[in-house]
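Visitor: this one's structure only:
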């Protein structure tokens, strides 16, 4: 498998990505205040997207609302309007993906992580994200997922969208993990990978780089992480630790 054309993926390595926005200090993760702070700081943005009950792509990490809001239960059981009215800790609502895409119309790089818990969720969520991207003027957007079939959906149905595979080697037996990653890479046909900082240095990541795939790494939180990333990856997805 050869790598993507350099100009297709150049925006992925242009600047660091703020993990779920530049959150902390009164700005909730995956909230518009955190995204605005990332834009103001000159960073790219990484976010998570799930599907609402009525098929809208909503920016939220967890499958359930309990950790981040005073509400409870699955995100998938709420309409987009209901989710927008549910307050995050900074009092902002759960954003719709198109609202974030508007913030990135200036060229701010955006990574959209497709969060799926079941195979049946993949096609509806990917299709909803693809529709939002098609209606957006944001020029520097990529999708990525732990699930290789999400990237494969984009390879088949929206090949113009830059797509990535998220990987971790944590808590996986060595041989099994190697086989899983090799199969995922073949299925996903990604333009880049996003690997766990705890795995670096990694023969898998090194092999991807040799093939011309940019390697992003998450979640970078310390000076040691940054040094390791500088040696073994092409860009970081970070969280600030000064809160």
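Guide: Now that the structure is in, tell me what you want to look at. What you see is a predicted model; the values in this text were computed from it and never measured. Numbers count the residues shown, from 1 in each chain.
Visitor: Outside of the lowest-mean-pLDDT helix or strand in the chain itself, list whatever touches it.
Guide: Taking mean pLDDT, DSSP states H and E as the measure, helix 174-188 is the helix or strand of the chain with the lowest mean score, a mean of 91. Residues from elsewhere that reach helix 174-188, judged by CB atoms under 8 Å, 6 or more residues apart in numbering: 1, 148-152, 155, 163, 165, 167, 169, 172, 193, 204, 208. The way it works is simple: take the backbone N, C-alpha and C, and place the C-beta from them, glycine included.
Visitor: Mind telling me which residue is nearest the centre of this protein?
Guide: residue 113 (2.9 Å; CA atoms, centre = their mean).
Visitor: can I assume that one sits in a strand?
Guide: Yes: assessed by DSSP: H, G, I helix; E, B strand; the rest coil, residue 113 belongs to a strand.
Visitor: Tell me where the protein has strands.
Guide: Using DSSP state E, the strands of the chain run over 17-19, 44-51, 57-59, 110-114, 141-145, 162-167, 192-196, 215-220, 235-238.
Visitor: Turn the ones you listed into JSON lines, columns for distance to residue 179 and mean pLDDT.
Guide: Formatted as JSON lines, the strands of the chain follow (distance: least, CB to CB, whole Å; pLDDT from 0 to 100):
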{"stretch": "strand 17-19", "distance to residue 179": "29", "mean pLDDT": "98"}
{"stretch": "strand 44-51", "distance to residue 179": "27", "mean pLDDT": "98"}
{"stretch": "strand 57-59", "distance to residue 179": "32", "mean pLDDT": "98"}
{"stretch": "strand 110-114", "distance to residue 179": "23", "mean pLDDT": "99"}
{"stretch": "strand 141-145", "distance to residue 179": "19", "mean pLDDT": "98"}
{"stretch": "strand 162-167", "distance to residue 179": "13", "mean pLDDT": "98"}
{"stretch": "strand 192-196", "distance to residue 179": "16", "mean pLDDT": "98"}
{"stretch": "strand 215-220", "distance to residue 179": "20", "mean pLDDT": "98"}
{"stretch": "strand 235-238", "distance to residue 179": "26", "mean pLDDT": "98"}
